[in-house]
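>>> With the input below, show me the fold.
(one chain, ligands or ions: 1)
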Amino acid sequence: MKLFEEYKIKNLILKNRLVMPPMCTYQVFKKDGMAYSFHQGHYIARAIGQVGLIIVESTGVLENGRISDYDIGLYNDKQIEPLRKIVEGIHDQGSKCAIQLNHAGRKSETLGLRHIGPSKLPYNDLEIDYEEATKEEISEVIRAFKESARRANDAGFDALEIHSAHGYLIHQFISPLSNKRQDEYGKDRFLFLKEILEGVKEVWPREKPLWIRISATDFHDEGLKVQDWINFLNENKDLVDLVNVSAGGLINVPIKAYPGYMLSLSKEIRSKTSYNTIGVGLINTSELVSYALETEMADLVAVGRGLLRNPNFLLDIAKERNKEEFIPQVYKRAY
Ligand SMILES: Cc1cc2nc3c(=O)[nH]c(=O)nc-3n(C[C@H](O)[C@H](O)[C@H](O)COP(=O)(O)O)c2cc1C
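Have a look, this model is predicted:
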């Protein structure tokens, strides 16, 4: 079963193909962006469950870039140390870890801060004002991604994911539905992402993988489409090392979600560009995991809510598929 095969990209070697995708936990009750014991237990538990790659949740690059006041951040050096403990705990189990850097833009619900988007177009009717980002603010965000990437490397992360999906600031710049700017960032809607990646690459080690999470579609006729991403990725061949393919989140539209519902987007990107992909979306059974990997819809599969319910998702599959050598000795009697 391909799930149990190693995967190598740059100097990152994963012991299997299962990924825990980034999932906000909103557990920073001190509102200081610092991970604490909850985050350690939460992530290390999935490493004990033998998940090959764990991507730590959306992490704010600036205070006003957090989705909420309860998010973790990497906008100051103090925030490095608690993340290092998570990294070490994950490494102790032989798993690898990435972190997702994000600026929420017009989806930030942090209180008492100035909020920005590419244009003055709110996401919903919350009583928060969202302003069009000035050029200085755009430069500040680009610098913040770079600084946070440096901190992520200091914390020991094996890989870095730049959140360009789900309607957050980078996606807001890329989608024609939310970016109505007349300047260069409106004429080339991918420019903001490109400048962020250029900045990040100045500090992120070349041998460690760097990738983006994308929303391959806005599920709207006038929105972003998978072909836009395919064109962009083909025009920029060595931009990143991998693409984590998700969808939606820019506007409120009903989405038909069924097991594996976003895998076809991953397959399209994988087959029409030179990029490897992570596929996601209600992949909750060993059959679907096999199908996604064996039919090359994705190189890695991410299981989100399934891993929230059951940190030992992979161990259960190992038992089901007679791959008991992948169950740690300490838990063998339970199986
Ligand atoms: C509680 C929760 C929090 C999430 N937070 C994030 C996040 O921080 N960053 C992100 O890119 N996606 C986030 N997502 C989306 C997941 O990474 C994943 O793509 C989605 O849950 C679909 O996978 P699933 O059907 O296996 O759960 C979140 C999803 C859930 C359920």
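
>>> Every contact and neighbour count from this point should use C-alpha atoms.
OK.

>>> all strands in the protein, in order from the N-terminus.
Applying DSSP state E to the chain gives strands spanning 7-9, 12-14, 18-20, 53-60, 96-102, 115-117, 130-132, 159-164, 210-215, 242-246, 277-279, 300-302.

>>> quick one, which of the ones you listed is nearest to residue 79?
For those, proximity to residue 79 was assessed by CA to CA; strand 53-60 is nearest, at 10.5 Å.

>>> For this protein, which segments are assigned as helices?
In the chain, helices defined by DSSP state H lie at 37-48, 80-92, 135-155, 169-174, 184-187, 191-203, 226-235, 263-272, 286-294, 305-309, 313-320, listed in chain order.

>>> so residue 105 touches residue 113, yeah?
No. The pair residue 105 and residue 113 fails to qualify as a contact (CA atoms under 8 Å) at a distance of 11.5 Å.

>>> any common contacting residues for these two?
Residues touching both residue 105 and residue 113 by CA atoms under 8 Å, 6 or more residues apart in numbering: residue 64.

>>> Could you pull up the contacting residues of the residue lying closest to residue 96 once chain neighbours are set aside?
Distances taken as CA to CA, 6 or more residues apart in numbering place residue 53 nearest to residue 96, at 4.9 Å, with adjacent residues excluded. The neighbourhood of residue 53, defined by CA under 8 Å, 6+ apart, consists of 14, 17-20, 95-98.

>>> quick one: which of the residues you listed is nearest to the ligand?
residue 20 (7.7 Å; CA to the nearest ligand atom).

>>> Pairing partners for the closest one in the sheet, please.
Under DSSP bridges, the beta-bridge partners of residue 20 are residue 54.

>>> pretty sure it contacts residue 49?
No. The pair residue 20 / residue 49 is not scored as a contact, 10.8 Å apart, by CA under 8 Å.

>>> Would you mind giving me the confidence score for the spatially closest residue to residue 119 that is not a sequence neighbour?
In space, and not counting its chain neighbours, residue 119 is closest to residue 132: 4.4 Å by CA to CA, 6+ apart. Reported pLDDT at residue 132 in the predicted model: 96.

>>> do the same with residue 153
98.

>>> now swap in residue 126 and tell me
76.

>>> Can you report how many residues neighbour it?
Counted by other CA atoms under 10 Å, the residues lying close to residue 126 total 9.

>>> what's in contact with the helix or strand of the chain with the lowest mean pLDDT?
Least confident helix or strand of the chain, by mean pLDDT, DSSP states H and E, is strand 130-132 with a mean of 93. Residues from elsewhere that reach strand 130-132, judged by CA under 8 Å, 6+ apart: 106, 114-122.

>>> That strand pairs with which strands, and in what direction?
strand 115-117 (parallel).

>>> Now do the partner strand, average pLDDT.
Strand 115-117 comes out at a mean pLDDT of 95.

>>> ok so, going back, who has more neighbours out of residue 105 and residue 113?
Under the neighbour definition other CA under 10 Å, residue 105 and residue 113 were set side by side, and residue 105 has more, 30 against 13.

>>> number of nearby residues for the closest residue to the more buried one other than its chain neighbours?
Leaving out its chain neighbours, the residue that sits closest to residue 105 by CA to CA, 6+ apart is residue 169, at 4.3 Å. Per other CA under 10 Å, the neighbour tally for residue 169 reads 27.

>>> Quick check: residue 169 vs the ligand, distance?
12 Å (CA to the nearest ligand atom, to the nearest Å).

>>> That residue reaches residue 101, doesn't it?
No. The criterion here is CA under 8 Å, and residue 169 misses it with residue 101 at 11.3 Å.

>>> one step back: just the buried ones from the contacts of strand 130-132?
By neighbour count, with 16 or more other CA atoms under 10 Å, the contacts of strand 130-132 hold 106, 115-122 as buried.

>>> mind checking the backbone torsions on the closest residue to residue 197 other than its chain neighbours?
Among residues not flanking residue 197 along the chain, residue 239 sits closest, at 7.8 Å (CA to CA, 6+ apart). Main-chain dihedrals, residue 239, degrees, to the nearest 10: phi -60, psi -50.

>>> Look up how far residue 123 lies from residue 239.
Distance of residue 239 to residue 123, given as CA to CA, to the nearest Å: 29 Å.

>>> Is stretch 46-60 in proximity to the ligand?
Yes. Applying CA under 6 Å from any ligand atom, one finds stretch 46-60 in contact with the ligand at 57-58.

>>> Identify the spatial nearest neighbour of residue 276, chain neighbours not counted.
Using CA to CA, 6+ apart, the closest residue to residue 276 is residue 242 (5.2 Å).

>>> doesn't residue 210 make contact with the one you found?
Yes. Look at residue 242 against residue 210 with CA under 8 Å: they come within range, at 7.2 Å.

>>> check contacts around whichever residue of the stretch 1-150 of the chain sits closest to the ligand.
Closest to the ligand within the stretch 1-150 of the chain is residue 23: 3.1 Å, counting by CA to the nearest ligand atom. When the contact criterion is CA under 8 Å, 6+ apart, the partners of residue 23 are 56-58, 304.
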